[in-house]
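Chemist: Here's my sequence, what's the structure:
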Amino acid sequence: MTSGIGATVLGYPRIGPRRELKRAVESYWAGRSDADTLHAAARDLRVATWLELRDAGLDSVPSNTFSFYDQVLDTAFLVGAVPDRYRRSSALDTYFAAARGDADAPPLELTKWFDTNYHYLVPEIDSSTEFRLADDKPLAEYREARAAGVPTRPVLLGPVTFLLLAKGSADPLSRLDALLDVYVELLGALAAEGVEWVQFDEPAFAMDRDVAELAALGRAYTRLGAVAARPKLLVTGYYGSLGAALPVLAATAVEAIGVDLVAGTIEGIASVPALRDKTLVAGVVDGRNVWRTDLRKAVATAASLLGSAAEVVVSTSSTLLHVPYDLDVETSLAPEVSARLAFARQKVAEVVTLDRALRSGVPLPELPVVEPRRDEEVRFRLAGVKDRSRAPYAARVVAQKALNLPPLATTTIGSFPQTAEIRAARSLPSDEYTARMRAEIARVIALQEDIGLDVLVHGEPERNDMVQYFAEHLEGFATTRLGWVQSYGSRCVRPPILHGDVSRPAPITVPWTAYAQSLTSRPVKGMLTGPVTILAWSFVRDDQPLGETADQVALALRDEIADLEAAGTRIVQVDEPALRELLPLRAVDHPAYLEWSVDAFRLATSGASARTQVHTHLCYSEFGEVISAIDGLGADVTTIEAARSKMEILDDLRASGFSRGVGPGVYDIHSPRVPAVGELTELIKAALAVVPGDRLWVNPDCGLKTRAYAEVEPALRAMVAAAREVRLG
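Modeler: Numbers count the residues shown, from 1 in each chain. Here you go, the predicted model:
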């Protein structure tokens, strides 16, 4: 270790190379193991991570990046900002009650972490919140690492970002001074333990911030920097450029500042004189995508900043939470694809290599150049696209009356529970697998008819993941075996790798949907994942604009919709839950993004006839900012997550004059609790005050894949009963 920061990463995956944490946490939730067993599994993962990072050659190893669920929730517990309704008999059960909810209380609101596919739990803070140092997690993990022979750098969510993420107070920053009292106390405790460096993450300042927010940032780090006995401070701002926040931070006494030079740029850094007595932690290795770093370009970028700071060291652009653990275990990837990739372990090696080259002149290795896959037919077809519009909505409403749907039509979002039996069936021979999936579809159709739903789904038993499933059937994608990434809590996904031009060799969903429709007279929705979401939840090629790649995916989906229509499908849902997620953090970049993202959706759906009812679904983001873009999609029906946020979307719908079908979700599927009929009735009535009954749909917040039938069936029965009760007045 050096006395400075040296080569480092800003964070590391925490679920375990084989999802060990997921299994340990879910075993505890299910009552199959106790708290001691869970804590032991977590400790083993932490220690293994610290040793791995030390042995890989990093000069500074981060700690306190581990979490049982979410680092924002950890911060709320650290500073005592936990609503009383979650207090349970043990600290661990209190923690999970806030994260997941239980029979006594719904969970905290869950939403997207900036423009990533990670989700965080929204803190609730108001004037009555009494901040205090209520937990010793950063100290405990530092001691644990030190005992293992690794002196680490504790990582904390910065106080200003924490408050800006919170809800419950009209002016969250009015609580800053009280919160800083806790951070000051914590810095003193860390210093007493011998901690040399502490990292504060302030990613909220990769976004546009007003004068008051920038002043709060300066006030916070002026005060923290003035603490007499404290560790040295590294403040990071990632997911984009710090912009106006950089000179504000540089004017304080912090010793180091981390800048994202992948999502952000070097623009303006050299013009901040106050940086010249600080360490600049140059994030030149991409923490969010899986492409191998262009080592020569990266070292040149870092070297261009050498005169701008007292010291320049190499880091990842952000935490590595967003990428899989290890490329070396992916032995089935095509060589021309794997040669272009680097996962977390490989990115750590890149950081070390680049830092040694920058500071010691160690030669960089020679690496082959591999070109992405090209499909000239796809490019030719896209060049010929002239029109992305459908028939006028009024004409579509008339044509779709043949569906004979009642007011307050009930449906689900798509998936039904993925049971252990369904997952096990994936290893069966092809004929047996098909028979097993058809039997499951028949069971789910019968269940929905019995419950009384108006528009059915086939349940998606054949889909391992809503994006990965399509990636496995489209050219231009690769999928991994162990490339797991945490999305929220114990939920992990394997993002596909979109490495070249995209095309559809054959129909993907048509046989399953057509079979489901043959079993019922009620309409069955065809279920597709939209082009923006496929991009957002994949690792996407970086050699062409995202809009071009989105159009290639949209063209494949357009062909799929045509085949669904030909097979008799009358309703098609094209899910875009990530529409808000990909919105750039800076307002100046919004118009270009919203133009290509809306255009891609319209390309996918504009071939549908007026008789086909096109749905879309959006979830787990603040949608008020993009309500005009949602309107621009032109979907006949839009279902939106709304239960956890207590129907906040209704105000946006009212203000925007949204005039097509809409289904604000009436119950939260990420909690195991079953809502009461009366609770759902009140939400439906609230929605009816904004949306007429002939345009209002009743549905859950999201798909039901992660839930059990013991929760799903009574919840859906309650939902249908509530809709009928409101219909009858």
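
Chemist: Which elements pack onto the helix or strand bottoming out on mean pLDDT in the chain?
Modeler: Sorted by mean pLDDT, DSSP states H and E, the helices and strands of the chain end with helix 649-656, the least confident at a mean of 83. Applying 3 or more CB pairs under 8 Å, 6 or more residues apart in numbering; DSSP states H and E, we find helix 649-656 packed against helix 627-633, strand 661-664. In short, each C-beta sits where N, CA and C put it, glycine included.

Chemist: how about a markdown table for those, with mean neighbour count added?
Modeler: A markdown table is the format used below for these (neighbours: other CB atoms under 10 Å):
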| stretch | mean neighbour count |
| --- | --- |
| helix 627-633 | 19 |
| strand 661-664 | 24 |
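
Chemist: Go through the least confident helix or strand of the chain and flag the buried ones.
Modeler: Judged by neighbour count using 16 or more other CB atoms under 10 Å, the buried positions of helix 649-656 are Ile649, Leu650, Asp652, Leu653.

Chemist: One more: stretch 119-127?
Modeler: Buried residues in stretch 119-127 (16+ other CB under 10 Å): His119, Tyr120, Leu121, Val122, Pro123, Glu124, Ile125.

Chemist: swap in stretch 600-619?
Modeler: Buried, per 16+ other CB under 10 Å, within stretch 600-619: 600-608, 610, 612-619.

Chemist: next one: stretch 149-168
Modeler: For stretch 149-168, by 16+ other CB under 10 Å, it's 150-166, 168.

Chemist: Among these, which lie within helices?
Modeler: Among the buried residues of stretch 149-168, the members found in helices (DSSP state H) are Pro159, Val160, Thr161, Phe162, Leu163, Leu164, Leu165.

Chemist: Take those residues and lay them out in CSV including pLDDT.
Modeler: Below are these laid out as CSV (pLDDT from 0 to 100):
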residue, pLDDT
Pro159, 98
Val160, 98
Thr161, 98
Phe162, 98
Leu163, 98
Leu164, 97
Leu165, 97
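
Chemist: Could you export the residues you listed as a markdown table, including distance to Leu176?
Modeler: Shown next, in a markdown table, are those (distance: CB to CB, whole Å):
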| residue | distance to Leu176 |
| --- | --- |
| Pro159 | 7 |
| Val160 | 7 |
| Thr161 | 11 |
| Phe162 | 10 |
| Leu163 | 6 |
| Leu164 | 10 |
| Leu165 | 13 |
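
Chemist: Would you quantify the distance from the residue most central in space within the chain to Phe380?
Modeler: In the chain, the C-alpha nearest the mean C-alpha coordinate belongs to Asn117, at 1.7 Å (CA atoms, centre = their mean). Distance of Asn117 to Phe380, given as CB to CB, to the nearest Å: 32 Å.

Chemist: now Asp102
Modeler: Distance from Asp102 to Phe380, by CB to CB: 56 Å.

Chemist: residues near Ser389, how many?
Modeler: Ser389: 9 surrounding residues under other CB atoms under 10 Å.

Chemist: which of the ones in helices among the buried residues of stretch 149-168 sit farthest apart?
Modeler: Pro159 and Leu165 (11.0 Å; CB to CB).

Chemist: where does Gln573 land in three-state SS?
Modeler: Classification of Gln573 using DSSP: H, G, I helix; E, B strand; the rest coil returns strand.

Chemist: how near is Asp636 to Pro365?
Modeler: Asp636 is 54 Å from Pro365, by CB to CB.

Chemist: These two: who's more crowded?
Modeler: Using other CB under 10 Å, the more surrounded residue of Asp636 and Pro365 is Asp636, with 22 against 8.

Chemist: any idea how far His615 is from the more buried one?
Modeler: 7 Å.

Chemist: Same question for Asp44.
Modeler: In terms of CB to CB, Asp44 sits 45 Å off from His615.

Chemist: What of Thr279?
Modeler: 52 Å.

Chemist: Arg707 contacts Pro672, correct?
Modeler: Yes: counting by CB atoms under 8 Å, Arg707 does reach Pro672; the two are 7.4 Å apart.

Chemist: Which of the two has more residues huddled nearby?
Modeler: Applying other CB under 10 Å to Arg707 and Pro672 shows that Arg707 carries more neighbours, namely 21 against 17.

Chemist: Could you tell me the phi and psi values at that one?
Modeler: Main-chain torsions, Arg707, degrees, to the nearest 10: phi -100, psi 170.

Chemist: residues contacting it?
Modeler: Counting by CB atoms under 8 Å, 6 or more residues apart in numbering, Arg707 makes contact with Pro417, Ile669, Pro672.

Chemist: For the last one, give me phi and psi.
Modeler: With angles defined as degrees, to the nearest 10, Pro672 sits at phi -70, psi -10.

Chemist: wait, isn't it in contact with Arg100?
Modeler: Yes: between Pro672 and Arg100 a contact is recorded at 6.7 Å, counting by CB under 8 Å.

Chemist: ok so, going back, and the buried residues of helix 649-656, which two are furthest apart?
Modeler: Comparing all pairs in the buried residues of helix 649-656 by CB to CB, the longest separation belongs to Leu650 and Asp652, at 7.3 Å.

Chemist: contacting residues for the nearest residue to Glu124 once chain neighbours are set aside?
Modeler: Leaving aside its chain neighbours, Glu124 sits nearest to Gly168 (4.5 Å; criterion: CB to CB, 6 or more residues apart in numbering). Residues near Gly168 by CB under 8 Å, 6+ apart: Pro123, Glu124, Ile125, Asp126, Thr129.

Chemist: Dump the residues you listed into CSV; add pLDDT, distance to Ala425 and secondary structure as well.
Modeler: Output for these, formatted as CSV (pLDDT from 0 to 100; distance: CB to CB, whole Å; DSSP: H, G, I helix; E, B strand; the rest coil):
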residue, pLDDT, distance to Ala425, secondary structure
Pro123, 97, 41, coil
Glu124, 96, 42, strand
Ile125, 95, 46, coil
Asp126, 90, 49, coil
Thr129, 94, 49, coil
